[in-house]
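Asker: okay, sequence plus prediction incoming.
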Amino acid sequence: RFCNVPTFGWDTICKFHCNVSNLTKLAARDFEDILQCAIPVFEGLLPSDHNEVILDLLFELVMWHALGKLRLHTKTTLHFLNNSTTRLGQAMCRFKDITCDAFVTQELPKEVAARWCHKPAYSKNGKSKSQPKKTASDAHWTRLFNMSTYKLRALRDHVKSIWLFGTTDNFSMQVVSSFHNLCYYIST
């Protein structure tokens, strides 16, 4: 459904690949384009009760992203961002409690293949063999939505960091990385 989304402007939203889930090496602008076009793409894919939960979650994600990306914040916009963060957390909890529990999700075939390639096989003498044997545990693993990740926990600190340091376009890690490179060249 993403490939049916029309382009917008010559540099705003470009034509999507037919299978967005197989895209690799995405840049931040690609994730942003996918998020901005996700609501009409996801609309009507699931039964109505789950559809409402997902569309609410997508709306809150888009709203939070738009407020978080502002280059100039006022007390009012920071208040809006703080309220949006609260609503986003509530929408995430609804998604986990209602929608995630209703569906069984499994690994994608490429995830199984990646796990298979990185799985070491050992012989009786402890040295690795060239070809490990497939077992029943090599099947698709069930995947659950994890709300206990740092990325989700750090959302609540975003407003506070804007109050303390300003927006994220005001500073760069380029100075730190150039200092790291300088130290590397001095030590060699």
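Answerer: It's in.

Asker: where does the prediction get shaky in the protein?
Answerer: Across the chain, the ranges flagged by pLDDT under 70 are 1-27, 29-30, 118-138, 168-188.

Asker: okay, helices next: where are they in it?
Answerer: According to DSSP state H, the chain carries its helices in the segments 28-42, 48-68, 75-94, 109-118, 150-154, 158-165, 174-187.

Asker: now mean neighbour count too, for those helices, in TSV please.
Answerer: Any C-beta I mention is one placed from the backbone N, CA and C, and that applies to glycine too. Shown next, in TSV, are those (neighbours: other Cβ atoms under 10 Å):
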stretch	mean neighbour count
helix 28-42	15
helix 48-68	17
helix 75-94	16
helix 109-118	11
helix 150-154	9
helix 158-165	14
helix 174-187	9
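
Asker: residue 89 touches residue 155, doesn't it?
Answerer: Yes. Counting by Cβ atoms under 8 Å, residue 89 does reach residue 155; the two are 7.4 Å apart.

Asker: still on that earlier bit, compare the helices of the chain and give me the one nearest residue 102.
Answerer: helix 48-68 (6.4 Å; Cβ to Cβ).

Asker: please save the CA atoms from that closest one in PDB.
Answerer: Taking C-alpha atoms only, helix 48-68 is exported to PDB below (Å, rounded to 0.1, in the frame of the first residue of the first chain):
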ATOM      1  CA  SER A  48     -12.200  -2.000  13.600                       C
ATOM      2  CA  ASP A  49     -11.300  -2.200  17.300                       C
ATOM      3  CA  HIS A  50      -7.600  -2.900  16.500                       C
ATOM      4  CA  ASN A  51      -7.700  -0.400  13.600                       C
ATOM      5  CA  GLU A  52      -8.800   2.400  16.000                       C
ATOM      6  CA  VAL A  53      -6.000   1.600  18.400                       C
ATOM      7  CA  ILE A  54      -3.300   1.600  15.700                       C
ATOM      8  CA  LEU A  55      -4.600   4.800  14.100                       C
ATOM      9  CA  ASP A  56      -4.600   6.500  17.500                       C
ATOM     10  CA  LEU A  57      -1.100   5.300  18.100                       C
ATOM     11  CA  LEU A  58       0.100   6.500  14.700                       C
ATOM     12  CA  PHE A  59      -1.500   9.900  15.200                       C
ATOM     13  CA  GLU A  60       0.200  10.300  18.600                       C
ATOM     14  CA  LEU A  61       3.500   9.300  17.100                       C
ATOM     15  CA  VAL A  62       3.200  11.800  14.200                       C
ATOM     16  CA  MET A  63       2.100  14.500  16.700                       C
ATOM     17  CA  TRP A  64       5.000  13.900  19.100                       C
ATOM     18  CA  HIS A  65       7.400  13.800  16.200                       C
ATOM     19  CA  ALA A  66       6.100  17.100  14.800                       C
ATOM     20  CA  LEU A  67       6.300  18.800  18.200                       C
ATOM     21  CA  GLY A  68       9.700  17.300  19.000                       C
END
